[in-house]
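Peer 1: model this:
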Amino acid sequence: MKKSIISALAFAGSATLVVAAAPVAAATDDPLTVAYVEVNSNDLSLVGDYALEDGTPAFDVAIIFAANINTDDDGDAYLHLNERVQETLDDAENQIRPLQARGIKVTLSLLGNHDASGFANFPTREAAEAFADQVDEVVTDYGLDGVDIDDEWVSYGSGDTAPANADSAAWLVDALDEKLPAGSIISLYDIGATAQTLKQAPTETLDRLDYIWNPYYGTYRPPAFPGVGRERLGAAAVDLTATSSGTAARLAADTVSDGYGVFVTYNLTPGDHSGYISAFTRELNGQEAVHESPDLQD
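Peer 2: Numbers count the residues shown, from 1 in each chain. Down below sits the predicted model:
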């Protein structure tokens, strides 16, 4: 599972949530729908099995969950691809290209790994750039459409882990923007020291983030970053296996009425879930979702 802290139940047990108002900006009437897929247990290609009634994809972005940031024996950060992530990338002809052919963007989640390295504790700009070079190599070699930064599972400042610093995450975002292929998506999961330090990042760094979204499934929690308009924010997030369809519909309706630009989903699994998915596509797109057998797709 992605994490226990993002479940609505775990979150509800904490102190009362105070949601900061997001900056008022031009609203969008066409929210982006994101699907995180746990490729350790499910095929990324599942994202392409759903369409709206007009034939367009039900999901706009499929995220391979997840590659990891690790630390080698010399203390340098490196990008780790586990066996299933590597298999997904190697099977791009079946797992990635069909999605892209249908207009779905495919990005790679970058995640902490209970190791001594995170996105918020690169010691120098050069160290951040060296990690960005590795990310760029994977994105370029496998023809991906960008990356998602998810700062979980890093205990900054404990054991041999360096504490977070104010500049590290900004260095990484700047380096990714410079090195990734033109048009690549850089999205941010609003959690951890990376997100917190980026709230104080220069405007030009925040402008390099295409999207920032809520990490707590089953909740409506607008990210608040200076100068970032609602069209680039995801306030709602649902777990497709744990959030009720009624809640998903309500969060989708709120997304549209409040003018947020992203609706985030997690944990798409095999089977026909078009009934559940329709609960939010009705609100987001005004259409039902249809489950399509892969051999019937164009």
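
Peer 1: And the closest residue to E152 other than its chain neighbours, what's its pLDDT?
Peer 2: Nearest-residue entry for E152: G112, 5.2 Å, with adjacent residues in sequence omitted and distances by CB to CB, 6 or more residues apart in numbering. Quick note: C-beta positions are derived from backbone N, CA and C, even for glycine. We have a pLDDT of 95 for G112.

Peer 1: quick one, strands of the stretch 101-250 of the chain?
Peer 2: Per DSSP state E, counting those that start in this stretch, the stretch 101-250 of the chain has strands spanning 105-112, 146-150, 185-189, 211-213, 219-220, 233-239. These are given in chain order.

Peer 1: hang on, the earlier thing: would you enumerate the residues in contact with the residue nearest to E152?
Peer 2: Neighbour list for G112: 68-69, 118-119, 150-154, 192 [criterion: CB atoms under 8 Å, 6 or more residues apart in numbering].

Peer 1: again, 6 Å this time
Peer 2: By CB atoms under 6 Å, 6 or more residues apart in numbering, the residues touching G112 are 118, 152-154.

Peer 1: what sits up against the lengthiest strand in the chain?
Peer 2: The strand spanning the most residues in the chain, taking DSSP state E as the definition, is strand 61-71. Outside strand 61-71, the residues that touch it by CB under 6 Å, 6+ apart are 34-39, 44, 47, 77-81, 85, 88, 99, 104-111, 113, 115-117, 148.

Peer 1: what's the angle from it to strand 185-189?
Peer 2: When axes from the mean of the first three to the mean of the last three CA atoms, to 10 degrees is applied, the directions of strand 61-71 and strand 185-189 differ by 70 degrees.

Peer 1: Partner strands of strand 61-71, with direction?
Peer 2: strand 32-38 (parallel), strand 77-80 (antiparallel), strand 105-112 (parallel) (DSSP bridges).

Peer 1: With respect to Y217, which of these lies nearest?
Peer 2: Taking CB to CB, strand 32-38 is the member of those nearest to Y217, at 9.8 Å.

Peer 1: can you list the residues that contact the next helix or strand after that closest one?
Peer 2: Later in the chain than strand 32-38, the nearest helix or strand by DSSP states H and E is strand 50-52. Here strand 50-52 makes contact (CB under 6 Å, 6+ apart) with 57-58, 277, 285, 287, 289-290, 292.

Peer 1: Same question for stretch 242-251.
Peer 2: 217-218, 220, 236, 238, 276, 279-280, 283.

Peer 1: How far away from the center of its chain is it?
Peer 2: What separates the centre of stretch 242-251 from the centre of its chain is 19 Å, taken as CA atoms, centre = their mean, to the nearest Å.

Peer 1: Over to stretch 116-131?
Peer 2: Distance, centroid of stretch 116-131 to centroid of chain: 20 Å (CA atoms, centre = their mean).

Peer 1: which residue sits farthest out from the middle of the chain?
Peer 2: No residue in the chain sits farther from the centre than D74, which is 29.6 Å out by CA atoms, centre = their mean.

Peer 1: Can you classify that one as helix, strand or coil?
Peer 2: Classification of D74 using DSSP: H, G, I helix; E, B strand; the rest coil returns coil.

Peer 1: Show me what counts as buried in stretch 41-54.
Peer 2: Buried positions in stretch 41-54, judged by neighbour count with 16 or more other CB atoms under 10 Å: 42-52.

Peer 1: Just the endpoints, please. Distance across it?
Peer 2: End-to-end distance for stretch 41-54, by CA to CA, to the nearest Å: 30 Å.

Peer 1: what does stretch 100-107 contact?
Peer 2: In contact with stretch 100-107 (CB under 6 Å, 6+ apart) are residues 48, 57, 61-63, 96, 99, 144-148, 185.

Peer 1: Let's have those residues in JSON lines, adding distance to E129 and pLDDT.
Peer 2: JSON lines is the format used below for those (distance: CB to CB, whole Å; pLDDT from 0 to 100):
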{"residue": "G48", "distance to E129": "34", "pLDDT": "98"}
{"residue": "P57", "distance to E129": "34", "pLDDT": "98"}
{"residue": "V61", "distance to E129": "26", "pLDDT": "98"}
{"residue": "A62", "distance to E129": "28", "pLDDT": "98"}
{"residue": "I63", "distance to E129": "24", "pLDDT": "99"}
{"residue": "I96", "distance to E129": "26", "pLDDT": "98"}
{"residue": "L99", "distance to E129": "30", "pLDDT": "98"}
{"residue": "L144", "distance to E129": "19", "pLDDT": "99"}
{"residue": "D145", "distance to E129": "21", "pLDDT": "98"}
{"residue": "G146", "distance to E129": "18", "pLDDT": "98"}
{"residue": "V147", "distance to E129": "15", "pLDDT": "99"}
{"residue": "D148", "distance to E129": "19", "pLDDT": "98"}
{"residue": "I185", "distance to E129": "20", "pLDDT": "98"}
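
Peer 1: Cheers, nothing more for now.
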